[in-house]
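Chemist: what's the 3D shape of this:
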Amino acid sequence: MPTENEVRVLKILSAIEIPPTAGQTIQTWGNEAVTVVCEAALGTYPGLRPKVRNNAVALLGWMDHPQAQETVPLLLNDTNSDVAIRAMRAAGRQKNETGIEKLAGMLKQQGTQPLLAAEAVSALLAIGTPEAAATVASYRAANPADLPHRGSRAVIGVLSETRPPGSPP
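Modeler: Numbers count the residues shown, from 1 in each chain. Coordinates of the predicted model:
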């Protein structure tokens with residue numbers, strides 16, 4: 001039998017549109033409610049619709065609860081690219097430094113999809129720490145012949161939006 005918090009949280013996660021304030025609302029319901037969001041994001045509920053999981057991952061970015069911040073880095077390398085992208089955006093919103101190493105590792109792999117690489121760069125830029133900035137600078141200097149995603153339009157677009165004047169994209 002599901003608890004009242006499970007029912008309330010899953011009802012929110014099943015909505016068509018979820019306002020960012022829902023994350024704060026769920027946090028006021030206590031640790032159990034936050035756990036439901038984290039467990040849904042991790043995909044531990046059997047039979048959970050992908051939309052509900054995706055909503056849970058996205059909602060983590062609007063939460064400052066320690067459990068939410070611990071869950072986001074676990075999702076950065078998810079095999080489902082929709083989940084991974086939402087986790088990267090959540091990491092950026094949270095300014096979650098814990099995921100920097102995973103994001104950097106993703107940018108160093110030749111086989112990373114260009115869209116994932118672009119989202120990783122965006123997340124690092126949003127995190128904004130010196131370590132994140134150094135990772136972006138190193139990636140900006142990378143040769144597209146070595147890292148094919150570095151030369152993609154998606155990545156060039158993200159890098160050109162944030163480049164210092166006079167520097168190459």
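Chemist: show me what counts as buried in the host helix or strand of residue 117.
Modeler: Assignment of secondary structure by DSSP states H and E places residue 117 within helix 114-127. When neighbours are counted by 16 or more other CB atoms under 10 Å, the buried residues of helix 114-127 are found to be 114, 116-127. Every C-beta, even on glycine, is put in place using the N, C-alpha and C of the backbone.
Chemist: mind checking how far residue 79 is from residue 12?
Modeler: 26 Å (CB to CB, to the nearest Å).
Chemist: look at these two and report which has more neighbours.
Modeler: More neighbours surround residue 12 than the other of residue 79 and residue 12, with 20 against 6 (other CB atoms under 10 Å).
Chemist: pull out the CA atoms of whichever strand or helix holds the more buried one and give them to me as CSV.
Modeler: Element membership for residue 12 (DSSP H and E) is helix 4-13. Once side chains and other backbone atoms are set aside, the C-alpha atoms of helix 4-13 remain, and they are given as CSV (Å, rounded to 0.1, in the frame of the first residue of the first chain):
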residue,chain,number,x,y,z
GLU,A,4,0.3,9.4,1.3
ASN,A,5,3.6,11.0,0.3
GLU,A,6,4.2,8.5,-2.4
VAL,A,7,0.7,9.1,-3.8
ARG,A,8,1.1,12.9,-3.6
VAL,A,9,4.6,12.9,-5.2
LEU,A,10,3.8,10.5,-8.0
LYS,A,11,0.7,12.5,-8.8
ILE,A,12,2.9,15.6,-9.3
LEU,A,13,5.4,13.6,-11.3
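Chemist: need the contact list for residue 40.
Modeler: Contact criterion CB atoms under 8 Å, 6 or more residues apart in numbering gives 9, 10, 13, 48, 52, 53, 56 as the residues in contact with residue 40.
Chemist: now the residues you listed as JSON lines including neighbour count?
Modeler: Shown next, in JSON lines, are the contacts of residue 40 (neighbours: other CB atoms under 10 Å):
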{"residue": "9", "neighbour count": "26"}
{"residue": "10", "neighbour count": "18"}
{"residue": "13", "neighbour count": "25"}
{"residue": "48", "neighbour count": "17"}
{"residue": "52", "neighbour count": "19"}
{"residue": "53", "neighbour count": "23"}
{"residue": "56", "neighbour count": "29"}
